[in-house]
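Q: Let me see the structure of the following:
(2 chains)
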Protein chains: 2
Amino acid sequence: MALVIQKYGGTSVGDIESIKNVAQRAVRTKEAGNDVIVVVSAMAGETDKLINLAHELTPLPDGRELDVLVSTGEQISVALVSMAIKSMGHEVKSYLGFQIPIQTDSAYGKARITHVSSDKILKDVEAGKIVVVAGFQGVDDEGDITTLGRGGSDTTAVAMAVALNADVCEIFTDVDGVYTTDPNICEKARKLGKISYDEMLEMASLGAKVLHIRAVEFAKKYQVPVHVRASSNDNIGTLVCQEDEEMENVVVSGVTCDKHEAKITITKVPDKPGIAHRLFGAIAAANIMVDMIIQNMSREGLADITFTVIKSDLHKATNIVREIIREIGAKDIDTDENIAKVSIVGTGMRSHSGVASTMFGALAKEGINIMMISTSEIKISCIIESKYTELAVRALHDAFQLDKKGLTKDDATPTP
Amino acid sequence: MALVIQKYGGTSVGDIESIKNVAQRAVRTKEAGNDVIVVVSAMAGETDKLINLAHELTPLPDGRELDVLVSTGEQISVALVSMAIKSMGHEVKSYLGFQIPIQTDSAYGKARITHVSSDKILKDVEAGKIVVVAGFQGVDDEGDITTLGRGGSDTTAVAMAVALNADVCEIFTDVDGVYTTDPNICEKARKLGKISYDEMLEMASLGAKVLHIRAVEFAKKYQVPVHVRASSNDNIGTLVCQEDEEMENVVVSGVTCDKHEAKITITKVPDKPGIAHRLFGAIAAANIMVDMIIQNMSREGLADITFTVIKSDLHKATNIVREIIREIGAKDIDTDENIAKVSIVGTGMRSHSGVASTMFGALAKEGINIMMISTSEIKISCIIESKYTELAVRALHDAFQLDKKGLTKDDATPTP
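A: Residues are numbered from 1 along each chain as shown, chains lettered A, B, ... in the order given. The predicted structure follows:
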């Protein structure tokens, strides 16, 4: 007998039929002899509908009230899922964030969990009840409702798993696991049996939308095994867990791509100390995240600086830069929205040196120009023209033989 | 400077424009120098939508979970109204039932308020904030969400007025006050300037839907003046308050009608002790409310018993009666859904004897047959054929001169 956390996303509770399916699976798991805690998101589309309502009222809705508003989405889901389970003859109890409580800080819209109480829920579980928990929401020290930000229900599920010392945290979604790359782009994409927390973190931040990044951080910190699987079937999905020897042997686990960034280039920047600090300080002060930065070699004391931001921040960032280039005496500013970031991720990279070379070779072979490069311990990202995105993903998938078990350290050799 | 409670019903917050209007009125009241607490219902149609969702899942949704579900309606309203007020430059704070808390018993779907805490809200009001409270919902001793039943937001508003010792409780609705009768039926209907709690109670239970009956009971108990008025204009509405001499002078204040009842007649019931107890005991045990009962004179030891129930209970009641008539040896059962109840209400009746006679005379003059009669201290009800409903209402409205200030004790004389 195990204690199982099952988290269902918005499409898994998107309509009455889906909700019945969720209830059935919870009941089946319970009847197989497990203790079951279900965590649910808002019905698909509900959160956006509520946010749109708020924006019809005012362009900048109050943060506290916005959380009061959007948290109703999960509240509706827990009630419906609980009713469905009850109608199948099982004892059940729903919990909202404030009832558990899931204690958070007061950063409305992006609150962080500070503590999860387990006593009430454990009592219900011990009494044989299935417990249904509202994802995404918590309560701060003032008793105000908070929400954890997009994808926060994943984090709720992992936090519940930690607090209750669960045996496994199952994340049910509309795909049946984590793939080597997006199957819509590359038909050879292969489902991974296992992936390490670190790889999953890189995959998540690079645009693979399977699992919320904070949930993975949480799972890593507390070593909670997370099983990503499909709500529509019983197939084994992908286990996100601590890396083992087998994983380390694989050089590259996945290829990701991201078209949400745009590039800003400032030309002929006087090459003297303090300029970068002035520039990126101002951008950070405006709460704009900068992803990649490159500065080319200085010629005649003038350098070009290029960096990327999220497309929705481009306009704001451009305005800031325009003010600063006058002040620092740079020549001009140039922006480009037609870019994409393709990346390869793998823990095996740590101990293998030919990986970057293989990546660049595969792109060169297809005639794809690399505009920017950025690397971390376990990933390499390249900015390319966005029209080549799919071609690049397929080329990299092939180059690292991800359709098979993947290139291992022994057979990964740099292409010339 | 006064402390004003303003309650807005579902149609008053039915869309974004209406919500802005509610916010504007609250701000206007605040800027006139008052302290303002707003109580809101769910957006029109929202509660029904949620209940339908639950019934799509299961015919008998769990009571606790149904309250978790439907309470989201008011939660959405408080968030939106608060955002709107905030966007108009005023400090504001929303409160859900559990945050105040509005303590109730655990009778899900029809909970009764046991205690309302005032300290948190008073602090906010003193700090200059407009407070927005979710109507209809509370929390029980277990921390479970409860709801107060249909129209419960009126009760919330009155309970807040009591707890905070408010100067007035304004109920904004889609009509601009309490009328002598339904203006859709009788074009001479006149808006009442004042009405006593007792009259309002009779009017409410007789089918006038302006104010929730429990709210009136509450207001009467704690002597809270309630001002019923339109959300669409600034007209003075109707004040529901303790009766004064002026009211006592008016014989009849209003005429109501109700087509929701049906009539059951059991013929040739053996006229012996215990029969009525057996019959109405069984009906009460099935949770069916019986309104009027008459038993005619016994002939040859056999009597007829007639009573009325809500139409939706007719089928259930008939089945119960069918079993019992065999047992008690009655002859037959007859049902009639084509009936209506017309009533006249007025505190002045207490001290005037010709009222019933005037009523019966007015109906007789129109050739309307009276099937049943029931009276209380301040009302007289007659069951008639439903096709005569509107005619009867107009005839009674005329007979008691309700289009003018109403018949007073001095000029009310029985018609021959």
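
Q: contacts, neighbours, all on C-alpha from now
A: Fine.

Q: Output the contacting helices and strands for the one helix or strand in chain A whose mean pLDDT sits lowest.
A: When the helices and strands of chain A are scored by mean pLDDT, DSSP states H and E, helix A:245-249 comes last with a mean of 80. Under the contact definition 3 or more CA pairs under 8 Å, 6 or more residues apart in numbering or on different chains; DSSP states H and E, helix A:245-249 sits against strand A:194-196.

Q: from what I can see residue A:371 touches residue A:363, true?
A: No. Counting by CA atoms under 8 Å, residue A:371 stays clear of residue A:363, with 11.7 Å between them.

Q: Which one's more surrounded, these two?
A: Counted by other CA atoms under 10 Å in any protein chain shown, residue A:371 and residue A:363 do not tie: residue A:363 has more neighbours, with 21 against 15.

Q: That one should be in a helix, yeah?
A: Yes. Using DSSP: H, G, I helix; E, B strand; the rest coil, the assignment for residue A:363 is a helix.

Q: Could you find the closest non-adjacent residue to residue A:20?
A: residue A:84 (6.1 Å; CA to CA, 6 or more residues apart in numbering or on different chains).

Q: In terms of pLDDT, where does the one you found sit?
A: Reported pLDDT at residue A:84 in the predicted model: 98.

Q: Just say helix, strand or coil for it.
A: Applying three-state DSSP: residue A:84 is helix.

Q: ok, now which ones touch it?
A: Neighbouring residues of residue A:84 by CA atoms under 8 Å, 6 or more residues apart in numbering or on different chains: A:19-20, A:23, B:57-58.

Q: Among those, which one lies nearest to residue A:262?
A: Of all the contacts of residue A:84, residue A:262 sits closest to residue A:19, with 39.1 Å by CA to CA.

Q: Enumerate every residue touching the closest residue to that closest one other than its chain neighbours.
A: Once flanking residues are discounted, residue A:19 sits nearest to residue A:13: 4.8 Å by CA to CA, 6+ apart. Neighbour list for residue A:13: A:19, A:22, A:40-44, A:77 [criterion: CA under 8 Å, 6+ apart].

Q: quick one, domains of chain A?
A: Split into domains by automatic domain parsing, chain A comes to A:3-174, A:263-336.

Q: winner for burial among the ones you listed?
A: Greatest average neighbour count among these goes to domain A:3-174 (a mean of 22), per mean count of other CA atoms under 10 Å in any protein chain shown.

Q: Distance from the chain centre to it, please.
A: A distance of 18 Å separates the centroid of the chain from that of domain A:3-174, by CA atoms, centre = their mean, to the nearest Å.

Q: and the end-to-end length of that domain?
A: Domain A:3-174 stretches 23 Å from its first residue to its last (CA to CA, to the nearest Å).

Q: Could you do stretch A:249-262 as well?
A: With CA to CA as the measure, stretch A:249-262 spans 35 Å from end to end.

Q: tell me which parts of chain A are close to chain B?
A: Residues of chain A lying near chain B by CA under 8 Å from any CA of the partner chain: A:16, A:20, A:53-54, A:56-58, A:60-62, A:65-66, A:68-69, A:72, A:75-76, A:79-80, A:82-84, A:86-87, A:94, A:99, A:143-144.

Q: Check the secondary structure at the residue in the stretch 301-416 of chain A positioned nearest to chain B for me.
A: Going by CA to the nearest CA, chain B is nearest to residue A:316 of the stretch 301-416 of chain A, at 22.9 Å. Recorded secondary structure, residue A:316: helix (three-state DSSP).

Q: Next: residue A:114.
A: Secondary structure for residue A:114, judged by three-state DSSP, is strand.
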